[in-house]
Every structure is written in C-alpha cells, then in structure tokens.
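> just need the structure, nothing else, for what follows:
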Amino acid sequence: MKSMLRALAGAAVLSVSSLGAMADTPKDTLVMAHKIDELITLDPAEAFELIGGEYLGNTYDRLIKYDLSDVSRIYGEVADSWTVSPDGQTFTFKIRKGIKFASGNPLTAKDVEFSLQRAVILNKNPGFILTQFGFNKDNVAQNIKATDDTTLVFKITEKFAPTFVLYCLTANVASIVDSVEVKKHSEGPEDLGNKWLRINYAGSGPFKMMQWKPNETLTLAANETYWRGAPTVKRVVLRHVPEASTQRLMLEKGDIDMARNLTPDQVKALQSNKDVRIQSSLKGAIHYFGLNTKNPNFAKPQVRQAIKYLVDYEGLGNTIMSGIAVPHQSFLPEGMMGAIKDSPYKLDVAKAKALLAEAGLKDGFKVSMDVRNSSPYIDIAQSLQNTFKQAGITLELVPADNKTTLTKYRAREHDIYLGQWSPDYQDPHTNAQTFAANYDNTDATKAKTLAWRNSWDIPELTKKTMAAAAELDATKRQKMYEDIQREHQKDSPFVIMFQEIEIAAMRGNVNGFVMGPSYDNNSYHGITK
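Residues are numbered from 1 along each chain as shown. Predicted coordinates:
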C-alpha cells in the first residue's frame, strides 16, 4: 500500500532538480507549492495551525458553516436544521440523511456525538473552543448526546450568546470523524484514536488524505462519494517549497499549478506573465509578536510600551509587506464585529528610550526572538533587529521551521515569538479569548491561550472578555469588544502589526479556487484545470 501511495504522489510531484525542463503537471492533479512545515498533526481534535486548518476544511464536514460572502449568515452542513431552547442553553440538531464517510460508513448523530465528546475528552490545543461551554470529561456524555441516528442534543452548562455557540461549531475542532473507523484504531479511553488519526484520515469531506510526508508533501485524493459531488481534480498535492523565488520559477515553468507564498517582488514580477493569474483575499490572519512576561524585562509595562514604539510599521508596510498585508494594530481583524481601526503606535526611538529608562533599563538589554526561517517572517525580524538596536536592545534571531518555533512557543520557552494568528471561527470571541483571556496562568492549565503562552496573568481583563461573550445585545457586545481592544493595545505583551492579504498565483488554466476569510475556508472542491 505504501509503495502504491508513493507512486501516485511521485506521478504528480516534480522535484526541484527538474526545473531545467518544462514539465506540465498531470491533467487530473493540482500541484501546489506551499509552506507546510508547521503541519504537526492531521487529527481535527488536535490540529491548530493555519495549514492544518486548510487541510481539515477540505477533508472534513462540520455541523454548520457560514456564508463566505456574508459571515453573519450561518447555514447547516451536516445539520439539516436546529432549534434553540428559550433559555439559550440547549441546541437540538437534526442530522442530514444520506451522507457517507470516505470509508463508506454512514454519517449519523452517533458520529457527531463521538467527535465532539472526543475533542472535549482529549482537550488538545483547540479543545478550549468546546470546553469553555462548561464541558469536561466527566459531564460531556450527559451534555452532548445523540438521542437517535438523526438527532443530536448539545446542552451548554454556561450562558453564552446562541450565535457565539453556533460559530464555535464551525471551527476545525468540531469536524466530524468516522467513529466506527477511529474506534478500530483507539488505544484506550485516553487515546480515542489520536495516535492513529494524527497521521491518518477518517472524514466525509470532498478530499481524503492519501499520504503525508512531513516537511515534504501532503497528497489528497478526491472523495468520489462526496455528498455534494466529487471534485473535478482527482488529486491535490501540496509541496513544501519555502523559498518564494523557487515557487515563482516552478510556476513559470509549469512544474506547479499554484504558488501560495510569494513575496511582493515575486508577485509584481509575475503580473506581466500572460500565463499566470494572481488571486488575492483579505484574511482574518494578523501578523504579531508576543513578549513572554516570564522574562522579567517584559513583565514591566514600560518595556512592553517601549517595544511597540520600536517597530517601523510604515516602512515594513511599504516594502516587505506591500501587497500582502495592510496595517492593523488590534486583535480583531477588519470585517469582524467589534473591530477597531486605531493605530496608536509608530516608530519613535526617542519615546522608546525614555520608557526603557523609566523601567530602569536605559542601557537596553539582550533578548532572543524565535522566528520562522522564511519570508516575510525573517525579513520582519531583521527589520526589528535594526530598530531595537537603535534603542540599545540587542535582538538575537533564532530562525527555525514553524513546527519548531510553535512547539517552543506553546511550551512558553520563548522570549519573543514572531508569527501569525488566524481566527478559529467568525465571532469576535475567537480572538478576544486567545489574546485577552488567561483562565489559569499555571503550567498545568488546559486553556493555553496566547495570553497564557506569554504568561500574561489578567484576571480582570479575562472577566471582561467572558462577559462580552455572554452579552445578548449586539450593540452592547460590540462596544465591549472595542473597549477591550483599546485596553489591550495599551498594556498587553502583544505587538500587532498587520492583517494579511493572502496571495495565490496560478497557471491560467486553473480556476475555481475559493479563498475565504479564514484558512479553513480555502476550498479546493471547485477547482478545474
């Protein structure tokens, strides 16, 4: 079986060494150059990276989804319909009939029950999206229950706005797995198939996973029995090509069909190529860096303020990030309810020096930054290295693949982490919770938000954030998020710089690639060649 998969992948993927000759990709296969070094796991209950989200969005179904052109409109996917009790705490979903997993097993309410219970019990990185409703391993069986093959009852134990609950069920962690298949590979109640599903597949989406070779390729095959119709392309191959210049060369030669990580210069150079088409979309993803307050220097508010004045926002926006991002300094992205456009910071070395002196650090200090070893991250880091130096701060860059930097960040072992964050669902609480809530600052907590990763202990702000999620009045709720962001801008250990514009460059014969507000909305289903 493994040799067959290698042969199939090999037929679709061309090595970089073949760039010297034109080589069209197979007609039934989409070959895409992408950065997939951050892909750590394929399990929906565990995956919490951007590329993992895109994979899950193309391979698994969820109860509900939202309209990409109007994210306020929620509609049923696996759920045919639903009702909400008068107190807003019991959601009853009727499951659509006739859906089958790629294995051939029918999808029923029992699979939905197993999938959601499993995510709560495992409680991996994205588990808090569900556990925040009061679920835990001891009570989840009573509160998430299939009463028959077509009915699921989802009863939350905490009060939240019903729309917020529904948006959470559009997140990757709520993907529905084939319970029959996963149980075959479970190593017990503590595993629930996690070890197997980390490298295997058990979904009902338009594509199924064929082969994953970490830091090399991810190969997907069309699910010919997909309930909404089989995809036109029979395979999609994501090839790890971290260098933008190599992606561009492969695209121009026809060795790949699509390039996903081009720099502004590469995009500009391709615009005159009649064989290439550029597609773009404003994403909810934001570029930021986090300061770990375990570092005693970053525990000082004046130092956190000073760092925010040591970023050349304008210069970066006009060069490195030109065309691939827009300036943005708050944790809610443009287009989401409650987002603000305040930009209180600009490069001001004199002000930063004064704040450092006030903190007792007039001579500066030394600190390290973990950064992904590819553009634009390493380019941003080098700019920061230069502006930090002007205020006496020596910044040591620690470049690595994103799997390494993320693992270190999640363990709170960094000084500064430079990266990207994308919303898990289209409700403001998704970013508010992770940037402005820290439920338990101890190392043992399961709710490992970004505020927790940076050791920012904020009980009062956490209360405000949770109150906003429970507010039923939309106008009041929006104002609460606006206030939280402004407080966050002043004191937080987060330096938020840009909101991403995603760019995809593709051969002229490629059509139908959908780019949504989040990475899990990027859809391969309608692609044609």
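
> mean confidence for stretch 372-379?
Along stretch 372-379, the predicted confidence averages to a pLDDT of 93.

> repeat that for stretch 212-223.
Per-residue confidence for stretch 212-223 averages out to 97 on the pLDDT scale.

> buried stuff in that stretch?
Applying a neighbour-count criterion of 16 or more other C-beta atoms under 10 Å, the buried positions in stretch 212-223 are Trp212, Thr217, Leu218, Thr219, Leu220, Ala221, Ala222, Asn223. Any C-beta I mention is one placed from the backbone N, CA and C, and that applies to glycine too.

> surely the last one meets Val233?
No - between Asn223 and Val233 there is no contact under C-beta atoms under 8 Å: 12.0 Å.

> show me where the stretch 151-300 of the chain has its helices.
Defined through DSSP state H, counting those that start in this stretch, the helices belonging to the stretch 151-300 of the chain, from first to last, are 162-168, 179-184, 194-197, 244-253, 264-270.

> in a markdown table: those helices, plus distance to Tyr481 and mean pLDDT.
Supplementary listing: the helices of the stretch 151-300 of the chain in a markdown table, determined by distance: least, C-beta to C-beta, whole Å; pLDDT from 0 to 100:
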| stretch | distance to Tyr481 | mean pLDDT |
| --- | --- | --- |
| helix 162-168 | 12 | 94 |
| helix 179-184 | 37 | 98 |
| helix 194-197 | 34 | 98 |
| helix 244-253 | 35 | 96 |
| helix 264-270 | 32 | 92 |
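
> of all the ones you listed, which one is nearest Pro86?
Set against Pro86 and scored by C-beta to C-beta, the helices of the stretch 151-300 of the chain come closest in helix 162-168, at 10.7 Å.

> list the neighbouring strands of the top strand by length along the chain plus their orientation.
For the chain, the longest strand by residue count, based on DSSP state E, is strand 276-291. Under the criterion DSSP bridges, strand 276-291 sits next to strand 416-421 (antiparallel), strand 494-507 (antiparallel) in its sheet.

> and the angle from the longest one to helix 244-253?
Orientation note: strand 494-507 sits at an angle of 20 degrees relative to helix 244-253 (axes from the mean of the first three to the mean of the last three C-alpha atoms, to 10 degrees).

> how long is stretch 486-502 end to end?
Taking C-alpha to C-alpha, to the nearest Å, the span from the opening residue of stretch 486-502 to its closing residue is 27 Å.

> my guess is Ile95 contacts Ala79, does it?
Yes - Ile95 sits in contact with Ala79 when judged by C-beta under 8 Å, with a separation of 6.5 Å.

> now for the helix or strand just after the longest strand of the chain, which elements pack on it?
Scanning forward in sequence from strand 276-291, with DSSP states H and E defining helices and strands, the next element found is helix 301-308. Using 3 or more C-beta pairs under 8 Å, 6 or more residues apart in numbering; DSSP states H and E, the elements in contact with helix 301-308 are strand 276-291, helix 349-358, helix 474-491.

> how does it look with 10 Å?
Helix 301-308 makes packing contacts with strand 276-291, helix 349-358, helix 377-390, helix 474-491, strand 494-507 when contacts are defined by 3 or more C-beta pairs under 10 Å, 6 or more residues apart in numbering; DSSP states H and E.

> just name the most buried of those.
Across these, averaging neighbours per residue (mean count of other C-beta atoms under 10 Å) puts strand 494-507 on top, at a mean of 22.

> rewinding a little: closest one to Asn58 among the helices of the stretch 151-300 of the chain?
Taking C-beta to C-beta as the criterion, Asn58 comes closest to helix 194-197 out of the helices of the stretch 151-300 of the chain, the separation being 16.3 Å.

> so for the closest one, what gets flagged as buried?
By neighbour count, and taking 16+ other C-beta under 10 Å as the criterion, the buried residues in helix 194-197 are Asn194, Trp196, Leu197.

> count of neighbours near the closest residue to Pro189 other than its chain neighbours?
Beyond its immediate neighbours in the sequence, the residue positioned closest to Pro189 (C-beta to C-beta, 6 or more residues apart in numbering) is Ile121, lying 7.6 Å away. Counted by other C-beta atoms under 10 Å, the residues lying close to Ile121 total 19.

> rewinding a little: any chance of the helices of the stretch 151-300 of the chain in a markdown table, with distance to Leu39 too?
Conversion of these to a markdown table gives the following (distance: least, C-beta to C-beta, whole Å):
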| stretch | distance to Leu39 |
| --- | --- |
| helix 162-168 | 23 |
| helix 179-184 | 20 |
| helix 194-197 | 14 |
| helix 244-253 | 17 |
| helix 264-270 | 23 |
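
> so how far is Tyr425 from the residue nearest to Pro189?
Computed as C-beta to C-beta, to the nearest Å, the Ile121 to Tyr425 distance reads 21 Å.

> do I have it right that Ala244 meets Ile320?
No - at 11.7 Å, Ala244 and Ile320 do not qualify as touching, with contact defined as C-beta atoms under 10 Å.

> low-confidence stretches in the stretch 1-150 of the chain?
Counting by pLDDT under 70, the stretch 1-150 of the chain shows low-confidence ranges at 1-23.

> my guess is Ala505 contacts Thr263. True?
No - the pair formed by Ala505 and Thr263 falls short of the contact definition of C-beta under 10 Å, at 11.1 Å.

> list residues touching both of the two?
Common contacts of Ala505 and Thr263, defined by C-beta atoms under 10 Å, 6 or more residues apart in numbering, comprise Gln247, Arg248.

> how far out from the middle of the chain is stretch 444-456?
Averaged C-alpha coordinates place stretch 444-456 at 17 Å from its chain's average position (C-alpha atoms, centre = their mean, to the nearest Å).

> who are the contact partners of Gln478?
Applying C-beta under 10 Å, 6+ apart, we find Gln478 in contact with Met337, Gly338, Ala339, Pro428, Ala468, Glu471.

> could you rerun that using 7 Å?
The contact partners of Gln478, by C-beta atoms under 7 Å, 6 or more residues apart in numbering, come to Met337, Gly338.

> from Phe494, how far off is it?
Counting by C-beta to C-beta, the gap between Gln478 and Phe494 amounts to 21 Å.

> before we move on, what about Thr219?
36 Å.

> repeat that for Ala469.
Here the distance between Ala469 and Phe494 works out to 19 Å (C-beta to C-beta).
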